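S.K.: Mind folding the following:
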Amino acid sequence: MVKTFRMTFYLLMVGVVVILGLVLWARSVPRSADLGVNTSGELAACPDSPNCISSMASKPEQFLAPWTYTGSVDEARGRLLLILRLLPNAEVIADEGNYVAAEFRVAQLFMDDVEFLIDPLQKVVHFRSASRLGRGDFGVNRKRMVRIGEAFQTSLSSPPPTAPTPQPSAEPDDDANDEMSL
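M.R.: Okay, here's the model as predicted:
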């Protein structure tokens, strides 16, 4: 009985050490050096793995249409940054003119790189979302970009909230003035 307990304990401890090692290794994978806007003014191409989605992808399974916007680049970037800051497990790591980059932590283990390029001439926001590790992502990057795109488009179609303006009354109300003096 004691030998079985010891063996189970040792196997459990080995398993914990292996899992902790994998977690630390996955978190230490650095951001790719080819991210950002390249010399052609585009975001990096998606790799052959299916865990990347981009509005500039040449493969249909990796393509998602860019988002349109109205107004200025600063307004579009401001709305995009607001959405990113509201999302859990997201951290904005670059905000440079018409380029925004963020990191998304997935299941507290994996890291995804997400980039946005705002095109002021075509009035569109291009994007790229890719996992740093592995081949598959169960559609996480596509779902994320669809969700962010819906929030971005919705925020453009709804006007910003404004405070109601007080309407002057036809006759002054003496009781109202009394309440104000309290």
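
S.K.: Helix or strand for the residue nearest the centre of the chain, just tell me which one.
M.R.: In the chain, the centroid-proximal residue (Cα atoms, centre = their mean) is residue 84; its distance is 4.8 Å. Using DSSP states H and E, residue 84 sits in helix 73-86.

S.K.: likewise residue 127?
M.R.: Residue 127 belongs to strand 124-131, assigned by DSSP H and E.

S.K.: Quick one: distance of stretch 111-118 to the chain centre.
M.R.: A distance of 7 Å separates the C-alpha centroid of stretch 111-118 from that of its chain, computed with Cα atoms, centre = their mean, to the nearest Å.

S.K.: quick revisit: average model confidence for the helix holding residue 84?
M.R.: Averaged across helix 73-86, the pLDDT comes to 96.

S.K.: In terms of pLDDT, where does residue 139 sit?
M.R.: pLDDT, read off for residue 139, is 88.

S.K.: Quick check: mean pLDDT of stretch 98-114?
M.R.: 89.

S.K.: how does the protein divide up, domain by domain?
M.R.: 1-30, 33-159 (automatic domain parsing).

S.K.: Contact partners for residue 44?
M.R.: 32, 34-36, 38, 115, 128 (Cβ atoms under 8 Å, 6 or more residues apart in numbering). Every residue, glycine included, has its C-beta placed from N, CA and C.

S.K.: Let me know the closest of those residues to residue 58.
M.R.: Nearest to residue 58 among these is residue 128, at 12.6 Å by Cβ to Cβ.

S.K.: re earlier: residues touching the residue nearest to the centre of the chain, list them.
M.R.: Counted by Cβ under 8 Å, 6+ apart, residue 84 has contacts 90, 92, 100, 102, 148.

S.K.: Many thanks, I have nothing further to ask.
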